[in-house]
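**Student:** only the shape, not the letters, is given here:
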């Protein structure tokens, strides 16, 4: 038997062993549901509608759709295909793509640790969900122990009054419930105060849910997604039907979609559109790469990416009708314009929307629907984030962490450790910490830099031609020249431009537009930003120093994959069935 055939046979055996150890999706449906549940999340519900309204309404769809085509779809395909090709996590995959760029994987790992804080969305949702079963919603009136003399109750479902002047001098009942009852908000980040018992209990429940979603590996995650990925769509549909029947709903929708094409001359609008595409599609975070690594080698990821990107953008647009129909109703009840009630982020989910449900008939029912939807939207993103981190770390240390008992123990250790660490977030000063980590640790700087690094490493070092050949080999479809142009030129240029413009307009974090963080907090925040960004150049410099040979030889060695696929005339006989495992070493 020739050496080539022996290598191929050994490659098949190694591939089968690796698949058995890492696991694979039980079905294509499970993969699609998990990815859909991850990319369709909070960004679709509380960020996109507000950005659309703020940045020109229907006109915002122009840059959004453009970036969805030239950035979202090509990057989605690139990351998914590279994960499916390497069958590795977001750290070890770079050994088989571009060893010089493995710092990108370590940067993703650091960002993932910061992303864990979004478990707090589940925590707050559970607290609100519990209060939703009260005989009277506590954020609808000022008759509670936590209310102040400045509190003003919401308009009743049968009243319409102009409250603009009054609202400027007082605090709404929903705001006081959020800040004084749920958070017990302290005076600043240096006043952490005590742990809130109900938040800590909800935090425990959230991490327990996460553990049981991923403790059996990819198999359990796929089964859970049948519920967590589909239930939010049911709730969105129910809330949309209810929203469209409310008085003032169409006024809100017109605010949402009314086009202002003059806004397109503002660079900020285009930056916001690109940022939303990256954020909502989970791009440049390693997530898609890891989820794709559990696919079979022959999976048609080319077709999957088109449908998943379309689903994500379609859900964002659909959610806008849900949100702004309710905001229009609120404006109608309060006798104000929609822009006085429009908000994004936690303000929309935990102040504005609860106000709206309190004004509706059967307020408890609509409140339960909304916070159940919010919980399921966030649990998908949370357990996928944790799973991707654990899978990637396991791939780095397979001999220590792989195996049924060891993997379950590792999951338990990670979940327990971060539950204890996140107790800081359920203190009276926890929201200040949350905002700090979100603003600096999960900042757009990190994502723009990772997009730029991925584009340079894969399109220029690994090579667009090689990527196209790999995708054709796995899917049977050869990507058009459009994808190569996007990978090599457009994405790099846009990422670099966005990064520069963001840094030029950089402003320090403020909380609620009035609280100024102390200098030490900004220093800690900048360290969080650098902790992920610096991984890329530090790893590259380190590898250039330890690799033998001249400077040019080191560069050529580190920019080439450690292994390259064998592409011979007898591929049809099954040589490529084991993908990258049937390889020969590249001489440099």
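**Tutor:** Perfect, I can see it now. All of these numbers come straight from a predicted model, not from anything done at the bench.
**Student:** how close does residue 445 get to residue 228?
**Tutor:** Distance of residue 445 to residue 228, given as CB to CB, to the nearest Å: 31 Å. For every residue, glycine as well, the C-beta is placed using N, CA and C.
**Student:** and for residue 253, the neighbour number?
**Tutor:** The tally of other residues near residue 253 (other CB atoms under 10 Å) stands at 20.
**Student:** what about it, which helix or strand?
**Tutor:** Per DSSP states H and E, residue 253 falls inside helix 249-257.
**Student:** for residue 494, same thing?
**Tutor:** Going by DSSP H and E, residue 494 is in helix 491-504.
**Student:** and the following helix or strand past that helix, what does it pack against?
**Tutor:** Where DSSP H and E defines the elements, the next helix or strand beyond helix 491-504 is strand 510-511. Here strand 510-511 touches helix 430-436, going by 3 or more CB pairs under 8 Å, 6 or more residues apart in numbering; DSSP states H and E.
**Student:** elements contacting the helix it packs on?
**Tutor:** Using 3+ CB pairs under 8 Å, 6+ apart: helix 430-436 touches strand 510-511, helix 519-533.
**Student:** now residue 263: phi and psi?
**Tutor:** Main-chain torsions, residue 263, degrees, to the nearest 10: phi -70, psi -20.
**Student:** just to revisit the earlier point, please identify the most buried of the helices and strands packed on helix 430-436.
**Tutor:** Ranked by mean neighbour count, the helices and strands packed on helix 430-436 are led by helix 519-533 with a mean of 17 (mean count of other CB atoms under 10 Å).
**Student:** need the next SSE after it, C-terminal direction.
**Tutor:** helix 535-546.
**Student:** if we can go back for a sec, who has more neighbours, residue 445 and residue 228?
**Tutor:** Taking other CB under 10 Å, residue 445 and residue 228 do not tie; residue 228 has more neighbours (25 against 19).
**Student:** so residue 271 touches residue 499, yeah?
**Tutor:** No: counting by CB atoms under 8 Å, residue 271 does not reach residue 499; the two are 9.9 Å apart.
**Student:** who's more crowded, the two?
**Tutor:** residue 271 (22 against 19).
**Student:** quick one: terminal-to-terminal distance for stretch 127-135?
**Tutor:** Stretch 127-135 has an end-to-end distance of 16 Å (CA to CA, to the nearest Å).
**Student:** centre of the chain to the following helix or strand past the helix holding residue 253, how far?
**Tutor:** Where DSSP H and E defines the elements, the next helix or strand beyond helix 249-257 is helix 267-280. Centroid separation for helix 267-280 versus its chain: 14 Å, with CA atoms, centre = their mean, to the nearest Å.
**Student:** how about stretch 106-114: buried residues?
**Tutor:** 106, 107, 108, 109, 110, 111, 112, 113, 114 (16 or more other CB atoms under 10 Å).
**Student:** ugh, typo on my part, it should be stretch 481-493
**Tutor:** The neighbour-count check on stretch 481-493 (16+ other CB under 10 Å) flags 483, 484, 486, 487, 488, 490, 491, 492 as buried.
**Student:** show me the contacts for the last one.
**Tutor:** It stands for residue 492. Residues in contact with residue 492 (CB atoms under 8 Å, 6 or more residues apart in numbering) are 452, 455, 456, 459.
**Student:** ditto for the second one
**Tutor:** Residues in contact with residue 484, defined by CB under 8 Å, 6+ apart, are 459, 464, 465, 467, 468.
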